[in-house]
Structure formats: C-alpha cells, structure tokens
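> Below: sequence and its predicted model.
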Amino acid sequence: MHFVLFLLVTSAVAARTTTVEPTTAPAACTAFPSSVREFSSQFQQPEPPLVKNQFKTSFIQHKWNQNLSHIIAGYLYNSPSQKLVRGDEAFDGGLATSIFNYTNVTDTGMVDNTMTTFSNASAAPEVWRGYVDSNYPLFGEDFLIQNEAVFGGLVRRDFIDGYVASWDLMYQGTVPVTVYVDSCNVIVGYDYFAPGLRTRVITMFFDIYIGPVTI
C-alpha cells in the first residue's frame, strides 16, 4: 500500500511540472521603488526584508561540476514551524522524495536526511537515511537578516513576470548564495556555489503557494 501511494505522489509531482506558467506577483504588491535601481540618482542600499516563510512550490534545479550534470523537476515544501523541508523530485530514470530535518544538524552544518527513491531498475522503493549538505535551505522569515544578506540589484528570472530583488549572502559562512525575492517578499528561487567540489546550483520556483505547510 505504501509503495502504491509513493508512486502516486511522485508521479503527480512529475506530471505537475510538465506545464510551466509565469508566476505573477499579486496586484496588491508594491512595485520596487527607484531607490533600489542600481544607477538611479536616488539609490540607497535597502535593508534585507522579512520573507514569506511558509510555502510550497513547483521548482526546477540544475546542479553541475566537472563530474556531473544533474537536472531535476519537482515540488518543494518549506515549513519552518516544523523545521522541515521536503523535496519531491523527478529526474532521468528515477523518482525521489527527501525530508530534511533541521532539528538535527551537525556542528558542520550537515542535515539529517531521509530519502526514498524509486528507479527504473528497482522492484521496490529504497529508503536511505544519513547526514548531507542539503540543496534545500530552510527559509525562516528572517533568513536574509540572520545571514546578513546584501542587496545585489534587480534582475529578471524565468517563470516570473517583472523584476525581482537579488540578495547575496554567505550561507553557514562558507557557501555564496543568491536568493531572489519578489516585491511581495516571496522567495522565487536561489543559486549557490559550493567551493569544495566547485559545484554550481541554480533553482527556480514557479506556481508558488503561500500559506501553512504540513509535512
């Protein structure tokens, strides 16, 4: 029964990501002022905002270095109230769901991860648990403030209408991360560079739902 449910859930994730529509900020959002346009005479560096931290979203991600090129699509759940992040993924030859438990983090920042996978060569799902350097940060409301993010300018992102603000920070003091936030303070994606293996990761959100999330 659990095996059937797993296939149904992950198959639904893969199907949901086949149609990509632009995500538009609600009309009630205030447009970015001229004071944050880089070459405006009125420019003044803004303070990092509080972000909408309870959300779920469709996403695509590309992770690469000299040894790999890994592209996935799926659905992501961010729940700071539970200190959990869940990523449902579809990729070449497989499906997976990962839960990252941010109540259990090592001194070096590695996160307790339970991953269930099903590949085209598997007769049953496989479950693995261990500590990993997570691709999916837990975004708290004050994530940008606590990480002393610096405004990086207004940019455009795929799937998102109009400009979004980029915020640059050093995650855990070692990993350069750029977080993209729209004018409603909704996170619409993030990029990072992991120096160890010189790995680049690009993550884009769309079809974003803001509200309570239970994992």
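That came through fine. This one's a predicted model, so the numbers in the text were calculated from it and none came from an experiment.
> Would you double-check that His32 falls in a strand?
You called it His, but residue 32 is Phe. No. Applying DSSP: H, G, I helix; E, B strand; the rest coil, one finds Phe32 to be coil, outside a strand.
> Compute the number of surrounding residues for it.
Using other CB atoms under 10 Å, Phe32 is surrounded by 16 other residues. No exception for glycine: its C-beta is placed from N, CA and C like everyone else's.
> do the same with Gly196
So Gly196, with other CB under 10 Å, has 9 neighbours.
> quick one: contacts for it?
Residues counted as contacts of Gly196 (CB atoms under 8 Å, 6 or more residues apart in numbering): none.
> With Val177 instead?
Taking CB under 8 Å, 6+ apart, one finds Pro137, Asn147, Asp168, Leu169, Met170, Tyr171, Tyr190, Asp191, Tyr192 in contact with Val177.
> List the buried residues in the helix or strand where it lies.
Here Val177 sits within strand 175-181, counting by DSSP states H and E. For strand 175-181, the buried set under the neighbour-count rule, 16 or more other CB atoms under 10 Å, comprises Val175, Val177, Thr178, Val179, Tyr180, Val181.
> how about the strands in this structure?
Assigned by DSSP state E, the chain shows strands spanning 55-64, 69-79, 84-91, 94-105, 111-119, 126-132, 150-156, 163-171, 175-181, 187-194, 199-210.
> Tell me which of those approaches Glu38 most closely.
Nearest to Glu38 among the strands of the chain is strand 150-156 (5.0 Å), distances taken as CB to CB.
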